[in-house]
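*Asks:* take a look and give me a structure for this.
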Amino acid sequence: AYEITYGDWSSDVCSSDLGGIDSDFTIEWLQYMHTDNDFPRIYSIGQYPAQNAVSIEGGVLYLWLNGGIAGSYDLSTLSNGYIEIWLHIVVTRTDSDLIVWAGYSDNTYTKIIGSIVYANAIPTNGLDFYICSENAANTYYNGLISNFRWVTGMSIYGSNPPTYPTSPLVGYNGIKLLIGQGTSLSSQLTDQTGYSTITNTNCTYNAYSGISGYDGSIQFGTI
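*Replies:* Numbers count the residues shown, from 1 in each chain. Next up, the predicted model:
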């Protein structure tokens with residue numbers, strides 16, 4: 001098993017700003033997926049059917065909200081695919097409009113889900129928060145993750161396509177989580193916001209970051 005666990009992400013950390021129709025948020029990360037076997041999760045609050053999660057299964061990215069699939073997209077149809085290439089994934093809501101973007105370092109972005117009208121609250125229900133699994137067999141991601149950022153109360157890019165990061169992501173008002181930065185495993189696993197206590201299970205440091213001129217990502221699996 002290769003995963004990161006944050007324990008109970010209580011409502012004051014996560015769900016209070018994932019509430020009603022005016023509840024904006026931005027969840028994003030850089031990923032370099034080495035293999036796509038079974039049902040890997042990029043992140044998951046709780047287990048199947050998750051409260052809030054992204055899985056990639058047989059090339060199809062699924063966004064799970066409130067125990068159901070809110071949208072999906074076949075990443076294998078992207079111009080450069082999704083295996084062994086860095087992708088910037090952004091899940092965002094502006095007012096009640098939910099969008100998921102995927103983009104490459106050349107700033108080619110595709111709206112892979114949305115715009116979907118999704119105004120429902122997305123509570124954590126006191127469930128554990130995992131990155132790169134849901135702490136269950138066949139859900140372990142094999143690849144690299146860097147610059148995982150979770151911001152509530154703010155849609156950083158609005159309804160516009162994001163831009164591919166040229167430097168490590170930074171904090172904003174409303175930031176709840178920022179990991180996957182730095183030149184050591186310790187720094188990669190440090191939540192820059194100070195909110196979360198992280199438990200690491202077998203993850204290692206990798207110098208490849210997905211951002212030119214900057215080192216470091218968290219390696220999940222044995223790539």
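
*Asks:* element containing residue 187, please.
*Replies:* Secondary structure assigned from DSSP states H and E places residue 187 in helix 185-188.

*Asks:* for that helix, C-alpha coordinates in CSV please.
*Replies:* C-alpha atoms of helix 185-188 as CSV (Å, rounded to 0.1, in the frame of the first residue of the first chain):
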residue,chain,number,x,y,z
LEU,A,185,10.3,13.6,1.4
SER,A,186,9.8,15.5,4.7
SER,A,187,9.1,18.8,2.8
GLN,A,188,6.9,17.1,0.3
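
*Asks:* what helices or strands is that helix leaning on?
*Replies:* strand 204-206, strand 217-220 (3 or more CB pairs under 8 Å, 6 or more residues apart in numbering; DSSP states H and E). C-betas here are computed from N, CA, C, even on glycine.

*Asks:* the first one: which residues count as buried?
*Replies:* Within strand 204-206, the residues that qualify as buried by neighbour count (16 or more other CB atoms under 10 Å) are 205, 206.

*Asks:* likewise for stretch 204-217?
*Replies:* Buried, per 16+ other CB under 10 Å, within stretch 204-217: 205, 206, 209, 210, 211, 214, 216, 217.

*Asks:* what is the subsequent helix or strand relative to the helix or strand bottoming out on mean pLDDT in the chain?
*Replies:* Here the helix or strand of the chain ranked lowest by mean pLDDT, DSSP states H and E is strand 3-8, holding a mean of 70. Proceeding N to C from strand 3-8, the next assigned helix or strand is strand 25-35, under DSSP H and E.
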